[in-house]
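# Structure for the following, please:
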Amino acid sequence: MGEFKALPWTRGADEIKQALLSVRCLAGQTQIAKVLSHALSETRTSKVNALVFVGDCIEEDPDLLGALAGKLGILNLPLFIFQEGNNPQVGNIFSQLATLSGGAYCQFDQGSAKQLGQLLAAVAVYAAGGKTALKSNLLSMDASVQRLLQQLK
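Coordinates of the predicted model:
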């Protein structure tokens with residue numbers, strides 16, 4: 001309960017994949033504020049180009065999360081939020097958080113592993129080369145990636 005764990009930064013896709021495969025979700029309240037606070041701390045130490053959050057609910061104070069997302073925006077750290085499921089209240093808050101940070105929001109369903117893969121690849125391209133790189137990448141032809149591009153400033 002209340003656990004938050006940050007793994008060391010990595011540059012290799014295989015290392016990231018192994019780290020993600022070790023993640024296990026258990027019952028308990030969301031830890032979004034901890035994630036955003038950690039990202040703020042990290043980007044103050046060393047430039048972070050993008051933050052990805054995948055989730056399905058929010059059990060925390062939306063105003064607190066909004067303040068943290070706004071601080072991410074001030075530091076030019078865009079938050080890319082991918083919502084699993086279709087809860088409209090959660091989607092509204094996730095969308096606001098993404099906007100406050102200068103990032104983007106997209107919803108997907110549980111059967112959309114391919115779509116999530118496309119979105120994560122698009123964020124990697126964005127983190128490496130910005131909006132221009134993403135626009136010129138073949139991924140930009142995907143409809144969900146187009147929605148991300150439209151939201152980026």
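# Kindly list the longest helix within the protein.
For the chain, the helix with the greatest residue count under DSSP state H is helix 113-136.
# residues in contact with it?
With CB atoms under 8 Å, 6 or more residues apart in numbering as the test, helix 113-136 has contacts from 49-50, 52, 54, 78, 80, 82, 106, 108, 137, 139-140, 142, 144-145, 148-149, 152. The way it works is simple: take the backbone N, C-alpha and C, and place the C-beta from them, glycine included.
# Narrow the residues you listed to those in helices?
Going by DSSP H, the helices hold Ser144, Val145, Leu148, Leu149 from those.
# and the longest helix of the chain, which residues are buried?
Residues 115-116, 118-119, 121-127, 134-135 are the ones in helix 113-136 that count as buried (16 or more other CB atoms under 10 Å).
# With stretch 98-110 instead?
Buried-residue list, stretch 98-110, by 16+ other CB under 10 Å: Ala98, Thr99, Leu100, Ser101, Gly102, Gly103, Ala104, Tyr105, Cys106, Gln107, Phe108.
# any chance of these in a markdown table, with pLDDT too?
Formatted as a markdown table, the buried residues of stretch 98-110 follow (pLDDT from 0 to 100):
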| residue | pLDDT |
| --- | --- |
| Ala98 | 97 |
| Thr99 | 97 |
| Leu100 | 98 |
| Ser101 | 97 |
| Gly102 | 96 |
| Gly103 | 96 |
| Ala104 | 94 |
| Tyr105 | 95 |
| Cys106 | 91 |
| Gln107 | 89 |
| Phe108 | 80 |
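# from those residues, which is closest to Ala39?
Here the nearest of the buried residues of stretch 98-110 to Ala39, counting by CB to CB, is Ser101; it sits at 9.4 Å.
# which residues of this structure fall in strands?
Assigned by DSSP state E, the chain shows strands spanning 51-55, 79-84, 104-108.
# Just send those strands back as a markdown table, with distance to Val35 too.
Shown next, in a markdown table, are these (distance: least, CB to CB, whole Å):
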| stretch | distance to Val35 |
| --- | --- |
| strand 51-55 | 6 |
| strand 79-84 | 9 |
| strand 104-108 | 15 |
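# which one of those strands lies closest to Gln18?
Of all the strands of the chain, strand 51-55 sits nearest to Gln18, with 16.8 Å by CB to CB.
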